[in-house]
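[1] what's the 3D shape of this:
(chains A, B and C)
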Amino acid sequence: MSEYAEFIYVADLIGVAIFAITGAIAAPGKRLDILGVVVLGFVTALGGGTIRDITLDLYPLVWVEDTLYLYVAIVSAVAAFIASRYIPSPRRALLVLDAMGLSVFAILGLQKALAAGAPEAVAVMMAVITGVAGGMIRDVLTGQIPLVLQRGGELYATSALLGALVYLGAYQLLDEPSPWLDISAMVIIFITRMAGLVAGLRLPEFIVR
Amino acid sequence: MSEYAEFIYVADLIGVAIFAITGAIAAPGKRLDILGVVVLGFVTALGGGTIRDITLDLYPLVWVEDTLYLYVAIVSAVAAFIASRYIPSPRRALLVLDAMGLSVFAILGLQKALAAGAPEAVAVMMAVITGVAGGMIRDVLTGQIPLVLQRGGELYATSALLGALVYLGAYQLLDEPSPWLDISAMVIIFITRMAGLVAGLRLPEFIVR
Amino acid sequence: MSEYAEFIYVADLIGVAIFAITGAIAAPGKRLDILGVVVLGFVTALGGGTIRDITLDLYPLVWVEDTLYLYVAIVSAVAAFIASRYIPSPRRALLVLDAMGLSVFAILGLQKALAAGAPEAVAVMMAVITGVAGGMIRDVLTGQIPLVLQRGGELYATSALLGALVYLGAYQLLDEPSPWLDISAMVIIFITRMAGLVAGLRLPEFIVR
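    The predicted model follows:
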């Protein structure tokens, strides 16, 4: 595996771990048994990528071929399950972790779509979908309006879109893929989302009269 | 492209635009930013067709191959977002637009399934699924019971089923496909659904004692 | 068809019928028309297997190729719709039927994944997914937290996991597939789940402080 491919692989697994944790800590006040937590962590962590790969007809799915993805999701969810008994996990932690997962998955989703030959507009849409879909499934399953559609969703999809567009622009100026470009775009997404959360920044709102 | 294929293409894009608008105006009282609205419009508009094509293994998906679908969904959702600041969009508007989208997508879903060689029973099921799935996703994401399963769901799936059966019967009498048959079947669905809504007509109800 | 293949086929149809009935009786207090009930029965009965087959790229989907699946789902949902007007169907009936469907689909999902050459960890995950996904879709569509994630979810995913592991262990000791092994594993799942429900057994719980 090239150094760059290795970087992508590790980043993907980190994204899986982060989203699995958010799935595991997403149900405050609810009482799930440990396997319910694993199921929720699993669909949150692998749901976005699965939708992307099914949509683009990229088979076999990564986690079907490489079971390390499964184990990372399961171990992360179980660890979060255990840790949450000793460490309180406020909603703020969920929002920060979710923003990290969003950053990683949006850029990896963009790359995978481009590598599969999707048109740029589709690739950008895939960046947003890969970033937000896992969390959407998590929120629907726990009976909540998805974060991306909630009041708390300040600059959520927006940050993923912005990072994807920056990446796309810079990508065409470079000769070869670089982990630094990827990391920069991820950081842009994370910072934009955090700024939105902290400062309550938001795009024009939609208020039905 | 033959004249008939052109008709289908335009009808499909009209269906996408209509459902994208319903997605954008589906969250009364909720405060979404403009990209949240676009995401909701997008999944409502393209969700039904995506499920149909994945189920029937029809790759590449239309909107992955032809990005005009994406742009129509996005522009429609944004336009509805802007318009809704000046024009009140009552729930009634949502129901009428949803019925229009249902009519168009049910018949196009039926045709696409038949063209893909699906058995007639499957094609009829696909008509219902293509017609209702986008709206179901929209309703689940905004925290509501899907229209097709709600009290307001008078003759909802029923109208799609009726139109599909009429189409299927007439289709076998004709020598070649005709836009007029398509439009007639769509109108039958729309009128049936509207009649159900206006007159409160409904099939026998299911009441658990 | 070999005797064993026949057994699998019949078991699969029985699972479809059971889950279609749970879909039809899942909305106590809600007023669905008969086609809403059919739609709900259909997605509950065929949703789990559809997700499994799409994930594993097993096309054409069984119910697209063999319409008997469709008819069994529809007839079962309609029969439950009619029966529920004369026979009260308490929540307890739903839980028992759901446990039966879970047992059947978990083992059949495991087998289908193994037959498709999936790694064992993936096959076990597929057992759980096939068993729980249909019911999850049903619960989300009717506005409830999925059973597998609810307080009433005592040993839900756990029982499916246990049965799958027992099956996997015994499977490697046998020379050829046997309906008795399948039935035994299904019974283990059903009894475990029932024991969990009746005795209120559960795995360590997850309580966010």
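[2] Which residues of chain A lie near chain C?
    Chain A comes close to chain C at residues A:24-25, A:27-40, A:42, A:50, A:54, A:59-61, A:63-64, A:67, A:70-71, A:81, A:84-85, A:88-89, A:140-143, as judged by CB under 8 Å from any CB of the partner chain. Where C-beta positions appear, they are placed from N, C-alpha and C, glycine not excepted.
[3] what about burial for those residues, which qualify?
    Buried subset of the residues of chain A next to chain C (neighbour count, 16 or more other CB atoms under 10 Å in any protein chain shown): A:24-25, A:27-28, A:30, A:32-40, A:42, A:50, A:54, A:60-61, A:63-64, A:70, A:81, A:84, A:89, A:140-143.
[4] just the strands in chain A please.
    Remark: strands assigned in chain A by DSSP state E are A:32-33, A:205-206.
[5] hey, least reliable of those by pLDDT?
    Mean pLDDT across these is lowest at strand A:205-206; the value there is a mean of 52.
[6] For chain A, which segments count as helices?
    A:3-24, A:34-55, A:62-65, A:68-83, A:91-115, A:120-141, A:156-171, A:179-199 (DSSP state H).
[7] Now distance to A:Val148 and mean pLDDT too, for these, in CSV please.
    Output for those, formatted as CSV (distance: least, CB to CB, whole Å; pLDDT from 0 to 100):
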stretch, distance to A:Val148, mean pLDDT
helix A:3-24, 13, 94
helix A:34-55, 12, 91
helix A:62-65, 23, 93
helix A:68-83, 21, 93
helix A:91-115, 9, 92
helix A:120-141, 5, 92
helix A:156-171, 5, 90
helix A:179-199, 11, 91
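[8] and those helices as TSV, adding distance to chain B?
    Output for those, formatted as TSV (distance: least, CB to the nearest CB, whole Å):
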stretch	distance to chain B
helix A:3-24	17
helix A:34-55	6
helix A:62-65	16
helix A:68-83	21
helix A:91-115	9
helix A:120-141	4
helix A:156-171	4
helix A:179-199	9
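[9] any idea how far chain C is from A:Leu147?
    Distance, A:Leu147 to chain C, using CB to the nearest CB, to the nearest Å: 17 Å.
[10] sorry, that was for A:Leu102
    Using CB to the nearest CB, A:Leu102 is found at 22 Å from chain C.
[11] Next up, the contacts around the closest residue to that residue other than its chain neighbours.
    Nearest residue to A:Leu102 in three dimensions, chain neighbours excluded: A:Gly131, at 4.5 Å (CB to CB, 6 or more residues apart in numbering or on different chains). By CB atoms under 8 Å, 6 or more residues apart in numbering or on different chains, A:Gly131 lies in contact with A:48, A:101-103, A:105-106, A:109, A:160, A:189.
[12] if you set the cut-off to 6 Å instead, what comes out?
    Under the criterion of CB atoms under 6 Å, 6 or more residues apart in numbering or on different chains, the contact list for A:Gly131 reads A:102, A:105-106, A:160.
[13] now A:Val128
    A:157, A:160-161.
[14] dump the residue contacts of the spatially closest residue to A:Asp139 that is not a sequence neighbour.
    Nearest non-adjacent residue to A:Asp139, counting by CB to CB, 6+ apart: A:Pro146, 4.3 Å away. With contacts defined as CB under 6 Å, 6+ apart, A:Pro146 is in contact with A:136, A:139, B:141.
[15] Return the member of these nearest to C:Tyr4.
    Among these, A:Met136 lies closest to C:Tyr4 (CB to CB), at 40.7 Å.
[16] Quick check: the closest residue to the closest one other than its chain neighbours vs C:Val124, distance?
    Once flanking residues are discounted, A:Met136 sits nearest to A:Pro146: 4.2 Å by CB to CB, 6+ apart. To C:Val124, A:Pro146 is 29 Å away according to CB to CB, to the nearest Å.
[17] Kindly report the same for A:Leu94.
    Remark: distance between A:Leu94 and C:Val124 (CB to CB) = 28 Å.
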